[in-house]
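A.B. asks: coords please:
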Amino acid sequence: LSFLRPQEARRVLADVLDARCKLSSPEALQAPGPSVHEPLIEARSLSYRYPSAEGWALSDVDLDVGRGEWLAVVGVNGSGKSTLVKHFNGLLKPSQGAVRVEGQDTRALQVGALARAVGYLPQNPDHMIFTATVRQEVAYGPRQFGLQGAELDERVQETLAALGLLAYAEHPPAVLGYGLRRQVALASVLAMGTPVLALDEPTVGLDRGITERLLGIVAERHRRGVTVIMVTHDLRWVARYAQRVVVLYQGRLVAQGTARDVLADPDLLAQVGLESLPVTALARSLRWPPPLPLVVDDMLARLGGV
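C.D. replies: Reported below is the predicted structural model:
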């Protein structure tokens, strides 16, 4: 491809690569965060075994989550991603080791207390939706935190508007389609205004347009200082948003680094059963030297394009 003019290279790449690869320009990619963050969440020698299981779901995990960073947790199914994140809001307590949130050991705290710090979005929205209307659902969390009256009404209205849910405010959430229920669940978490958002597979089952809007809202919260922990199998969104990535495999933390460090390492991804991004795979097949590109515009920049 190096002998092609930039315009010709763009056409070739567009034909070779799936359009989903064209996620963003280099400017839209998150710049790596500072190398040292003030720890907000600390896991030390964290191990967990489910009561009915023989093996360990997590084994000897050491991890700091920095205040204000966007951390992606990746790995194949069964690697321990959801188990790890559930420790951050107290849904699970360590079998061995410890987890501290804002310096407090989670074993000494109730889930309700941790919910003020860590807003958790589960994979299945039906695990958290239970009220009669969408408006009541979004209001529930802030009301438990003591918000009431005009302030509560304003918080709920703003959140519903941001996620495009005003038209469904008086609908029972249980009768809405899956994509809308996902949006209601996220609205319920965002309305609580917690300093940490822990999102477990937030893009599963959503089309690209809805995903773009929802993650854009999360990104705006992140720009305001909210810490984001995103469990996902979709490396495209990791490339676009995450500042740091941790890789779990068979319950162990096997790698971590910036998104570019981790996602541009096809050998590492292959070892843990993950596929490289299409652009990275193409560059690897062309035997390009590191660092390998993550998105189309990265590749065009290497080819001398605009």
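A.B. asks: which residues in the stretch 151-300 of the chain form helices?
C.D. replies: Secondary structure of the stretch 151-300 of the chain by DSSP state H, counting those that start in this stretch: the helices cover 178-190, 208-223, 235-241, 259-263, 266-271, 278-285, 296-302.
A.B. asks: which neighbouring elements make contact with the last one?
C.D. replies: Here helix 296-302 is seen to pack against helix 6-16, helix 278-285 when contacts are counted using 3 or more CB pairs under 8 Å, 6 or more residues apart in numbering; DSSP states H and E. To be clear about C-beta, it is placed using only N, CA and C from the backbone, and glycine gets the same treatment.
A.B. asks: over to the first one?
C.D. replies: Other elements packing on helix 178-190 under the criterion 3+ CB pairs under 8 Å, 6+ apart are strand 118-121, helix 134-144, helix 149-162, strand 196-200, helix 208-223.
A.B. asks: note down every partner strand of the fourth one and its orientation.
C.D. replies: I take that to be strand 196-200. Applying DSSP bridges to the sheet, strand 196-200 is found paired with strand 118-121 (parallel), strand 227-231 (parallel).
A.B. asks: which one of these lies closest to residue 284?
C.D. replies: The closest of the strands paired with strand 196-200 to residue 284 is strand 227-231. By CB to CB, the value is 25.3 Å.
A.B. asks: residues contacting the closest one, please?
C.D. replies: 40-41, 65-74, 81-82, 85, 88, 195-202, 218, 221-222, 237-238, 241-242 (CB atoms under 8 Å, 6 or more residues apart in numbering).
A.B. asks: sorry, back to before: show me the one of the helices of the stretch 151-300 of the chain that comes nearest residue 137.
C.D. replies: The nearest among these, by CB to CB, is helix 178-190 at 5.4 Å.
A.B. asks: mean neighbour count for the helices of the stretch 151-300 of the chain - can I get that in TSV?
C.D. replies: Converted to TSV, these look like this (neighbours: other CB atoms under 10 Å):
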stretch	mean neighbour count
helix 178-190	23
helix 208-223	16
helix 235-241	22
helix 259-263	21
helix 266-271	15
helix 278-285	20
helix 296-302	21
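A.B. asks: could I get the ones you listed as JSON lines with mean pLDDT?
C.D. replies: Converted to JSON lines, the helices of the stretch 151-300 of the chain look like this (pLDDT from 0 to 100):
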{"stretch": "helix 178-190", "mean pLDDT": "93"}
{"stretch": "helix 208-223", "mean pLDDT": "92"}
{"stretch": "helix 235-241", "mean pLDDT": "93"}
{"stretch": "helix 259-263", "mean pLDDT": "92"}
{"stretch": "helix 266-271", "mean pLDDT": "94"}
{"stretch": "helix 278-285", "mean pLDDT": "90"}
{"stretch": "helix 296-302", "mean pLDDT": "83"}
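A.B. asks: reformat these as JSON lines; add distance to residue 124.
C.D. replies: As requested, the helices of the stretch 151-300 of the chain are exported to JSON lines (distance: least, CB to CB, whole Å):
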{"stretch": "helix 178-190", "distance to residue 124": "9"}
{"stretch": "helix 208-223", "distance to residue 124": "16"}
{"stretch": "helix 235-241", "distance to residue 124": "19"}
{"stretch": "helix 259-263", "distance to residue 124": "27"}
{"stretch": "helix 266-271", "distance to residue 124": "27"}
{"stretch": "helix 278-285", "distance to residue 124": "29"}
{"stretch": "helix 296-302", "distance to residue 124": "33"}
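A.B. asks: nearest to residue 123, of the ones you listed?
C.D. replies: Evaluated over these, closeness to residue 123 peaks at helix 178-190, with 9.7 Å, by CB to CB.
A.B. asks: mind checking how far that closest one is from the chain centre?
C.D. replies: How far helix 178-190 lies from its chain's middle: 15 Å, per CA atoms, centre = their mean, to the nearest Å.
A.B. asks: where does the protein dip in pLDDT?
C.D. replies: 1-37, 305-306 (pLDDT under 70).
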